[in-house]
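Participant: dropping a prediction and its sequence here:
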Amino acid sequence: MDKPFHTRSFSFFTVIFNLSAMKSRFTISIPILVLLFASWVGATTGDSTLYKDPTQKINMRIKHLMDQMTLEEKIGQMAQLDRVAATQEIMREYSIGSILSGGGSWPHEHMKPEEWVDMLNNFQNGSLSSRLAIPMIYGIDAVHGNNNVYKATIFPHNVGLGATRDPELVRRIGTATALEARATGINYVFAPCIAVCRDPRWGRCYESYSEDPKIVEQMTEIINGLQGEIPPNSRKGVPYMGGKDKVVACAKHFVGDGGTTKGINEHNTVIDWHELLSIHMPGYYHSIIKGVSTIMVSYSSINGVKMHANKDLVTNFLKGTLRFRGFVISDWQGVDKITYPQHANYSDSLLKAINAGIDMVMLPYNFTEFSSILVSHVKNNLIPLSRIDDAVRRILRVKFSMGLFENPIADYSFVDKLGSQAHRDLAREAVRKSLVLLKNGENADSPILPLPKRTSKILVAGSHANNLGLQCGGWTITWEGLSNKNLTVGTTILNAISDAVDPSTEIVYSENPDTEFVKANNFSYAIVVVGEPPYVETKGDNMNLTIPEPGLGTIKNVCDGTKCVVVLVSGRPLVVEPSLPLMDAFVAAWLPGTEGQGVADVLFGDYGFSGKLPRTWFKSVDQLPMNVGDEHYDPLFPFGFGLTTEAIGA
């Protein structure tokens, strides 16, 4: 119980008297005594707004705020709701810590950036009207640009960026993505994915930079672009965000998600400790060094233990050994998936997840169930209050470090950055650097590339030549992406080719021509663009990895009738050996995004090919998994392979 104020006052003035009596040893001026008194009064009378003072140290602000929070308010901070489950009233009443837009979660399809800002501020005003006015953070899957937002620049997916071998390029992409997120008011992105995909049958393999942990480690440079570079004397492991033009990043999915048996999504990774540390962990260590603010846990398991319930790795290793000081977030309904069937025993799942070290739970819908269960677990001593406090302390540390209490409301100052020409030029650069030339004529003495711009007639064929949705792949506008030519704003490969050639050259487009058509038209050469449809996560798991029809048929029809260059648009290597002899040239274009000009730039020699395979290109799926360094390594094209060409006139 506190002492009465007059008693405390007497004690303070007694101290002053004693200090004054020591003049012979210390010189204490009256102003300093007044300052000491003011500080003491503030501390003892409990200034309830001290945590809002940016001149105070973050740890002091956190403590002061948490001392005022109820258990229910703390649990509210640990929740992340999808925007469809959130209202101003819910944000105010329950002190919800975060909102997200899941893939394709927006009020209407072609929302302008100003409308995004207004929507976020509406939710934020609810948070700011709560008892303690703790602002929320808003998250989105910006995995290759601000990919939920119409007209945003869509960069190549990570597998293509891995082919560039250019961490500085990736850092610049992080900077651009942060600006395009801020253009819509968003301050938190679920990126980068630093999985090490060891089996291309995995449906998320295109979200991985490489099968080689060294390349993944290098590409964590994107965090410096997204969050800003930590000051030289900053403590390692402490979350950092460098200003209003930056965003909070999220390294995912901790850990081993790319090593599951047969590449089955959300499955089990069977691995020893040494392999886990050497293959799947380096990306996290380097992300933490760079000040990454949050880390997302994987749906998958390690040796049969669900990662969302793995205390040894989440608490003991990530937070303990690696000294990560940001917060750990679950994946979408990841806690529900601890049990099978999903949500079968949510109370037990929450108990395991929170005690394992999950700090924020991506619910994303039912907050009242989440809150009532957690309150009950704490009151029944199943979850220590210290564990709740650790989670909230970490969440608040991120919020204070990003300056959210000082600048909670988004404005329109960055709206012109969304889809800006500078960002589209950057994406175009990334496309041309990501392309890997795997075949160029029958031998080095008879290359077909670069192609002449001035010729009589060029055939452009294939399902992916004139379709922006297929070119961008999954996680574009919607969760799964769309096979839709006009899903957003950009340049298809066909349009890029048409713009690149000489005005006198005739371009003929036929999506799937027959052999007779090809032979009858006497084309100078053909460019065939085929590949995979968009897919995400489990829906992308594929045990066959063949080029889908009509792609194979188009290759045969066209390449039988004229000289041809095949451009493969895919999230991973596919089986190509049966068709390879038909091709005069073969280019892996991965999933290039909205800027198809980058493909034309290298096909026609404005720039040379420079990309190197970030993954082993297998001959047959029977060889999988097969990665560089394996004992029986017999690829069609080895890891790191890539022919080069010189720019015309270089």
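Facilitator: Cool, the structure landed. Residues are numbered from 1 along each chain as shown.

Participant: run the chain-centre distance for stretch 566-579.
Facilitator: 25 Å (Cα atoms, centre = their mean, to the nearest Å).

Participant: pull out the buried positions in it.
Facilitator: The neighbour-count check on stretch 566-579 (16 or more other Cβ atoms under 10 Å) flags 566-576, 579 as buried. C-betas here are computed from N, CA, C, even on glycine.

Participant: stretch 315-327 too?
Facilitator: Quick answer for stretch 315-327 (16+ other Cβ under 10 Å): 315, 317-319, 322, 324-327.

Participant: for the residues you listed, which one is nearest R182?
Facilitator: Among those, G326 lies closest to R182 (Cβ to Cβ), at 19.7 Å.

Participant: now do the SS call for A410.
Facilitator: Recorded secondary structure, A410: coil (DSSP: H, G, I helix; E, B strand; the rest coil).

Participant: related to what we said a few turns ago, greatest separation within the buried residues of stretch 566-579: which pair is it?
Facilitator: Using Cβ to Cβ, the pair of those lying farthest apart is G571 and S579, separated by 18.6 Å.

Participant: dump the residue contacts of the residue nearest to the spatial centre of the chain.
Facilitator: Nearest to the geometric centre of the chain sits A191, at 1.8 Å (Cα atoms, centre = their mean). Contacts here follow Cβ atoms under 8 Å, 6 or more residues apart in numbering; on that basis A191 touches 141-143, 177, 222, 226, 249-250, 252.

Participant: quick check, it in a helix?
Facilitator: No: under three-state DSSP, A191 sits outside any helix and is assigned coil.

Participant: and it, how far is that from A86?
Facilitator: As for A191, its distance to A86 is 22 Å (criterion: Cβ to Cβ, to the nearest Å).

Participant: so how far is stretch 369-376 off the chain centroid?
Facilitator: 30 Å.

Participant: buried sites along that stretch?
Facilitator: For stretch 369-376, by 16+ other Cβ under 10 Å, it's 370-371, 373-375.

Participant: hey, C-alpha coordinates of that stretch in PDB?
Facilitator: Extracted C-alpha coordinates of stretch 369-376, given in PDB (Å, rounded to 0.1, in the frame of the first residue of the first chain):
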ATOM      1  CA  GLU A 369     -13.200 -17.300 -27.800                       C
ATOM      2  CA  PHE A 370      -9.400 -16.500 -27.900                       C
ATOM      3  CA  SER A 371      -9.600 -14.000 -25.000                       C
ATOM      4  CA  SER A 372     -11.900 -16.000 -22.700                       C
ATOM      5  CA  ILE A 373      -9.700 -19.100 -23.000                       C
ATOM      6  CA  LEU A 374      -6.500 -17.300 -22.400                       C
ATOM      7  CA  VAL A 375      -8.000 -15.400 -19.400                       C
ATOM      8  CA  SER A 376      -9.100 -18.800 -18.000                       C
END
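
Participant: what is the neighbour count of E73?
Facilitator: Burial of E73 is recorded as 19 neighbouring residues (other Cβ atoms under 10 Å).

Participant: can you check M60 too?
Facilitator: Using other Cβ under 10 Å, M60 has 12 neighbouring residues.

Participant: apart from its neighbours in sequence, what residue is nearest it?
Facilitator: Closest residue to M60 apart from its sequence neighbours, by Cβ to Cβ, 6 or more residues apart in numbering: L50 at 7.6 Å.

Participant: what are the buried residues along stretch 233-249?
Facilitator: 237-242, 244, 246-249.

Participant: next, the distance between the ends of that stretch.
Facilitator: 21 Å (Cα to Cα, to the nearest Å).

Participant: shaky segments in the protein?
Facilitator: 1-46, 650 (pLDDT under 70).

Participant: ok, now with 90
Facilitator: 1-48, 104, 109, 232-237, 443-445, 484-486, 649-650 (pLDDT under 90).

Participant: follow-up on the earlier one: so which of the buried residues of stretch 566-579 belong to helices?
Facilitator: The helices, defined by DSSP state H, take in nothing from the buried residues of stretch 566-579.

Participant: any idea whether K539 is helix, strand or coil?
Facilitator: Quick answer, by three-state DSSP: K539 is helix.

Participant: just give me the neighbour total for the nearest residue to R201 once chain neighbours are set aside.
Facilitator: Leaving aside its chain neighbours, R201 sits nearest to G263 (3.5 Å; criterion: Cβ to Cβ, 6+ apart). Counted with other Cβ under 10 Å, the neighbours of G263 add up to 25.

Participant: now do P452
Facilitator: P452: 14 surrounding residues under other Cβ under 10 Å.

Participant: the stretch 351-500 of the chain: helices as residue ranges?
Facilitator: For the stretch 351-500 of the chain, helices defined by DSSP state H, counting those that start in this stretch occupy the ranges 367-379, 385-401, 421-434, 468-472, 493-500.

Participant: deepest in the core, which of those helices is it.
Facilitator: helix 468-472 (a mean of 27; mean count of other Cβ atoms under 10 Å).

Participant: could you export that helix as PDB, CA atoms only?
Facilitator: Provided in PDB are the C-alpha atoms of helix 468-472 (Å, rounded to 0.1, in the frame of the first residue of the first chain):
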ATOM      1  CA  LEU A 468      -0.500 -10.600 -66.700                       C
ATOM      2  CA  GLY A 469      -2.100 -12.900 -64.100                       C
ATOM      3  CA  LEU A 470      -0.200 -15.900 -65.300                       C
ATOM      4  CA  GLN A 471       3.000 -13.800 -65.500                       C
ATOM      5  CA  CYS A 472       2.700 -12.700 -61.800                       C
END
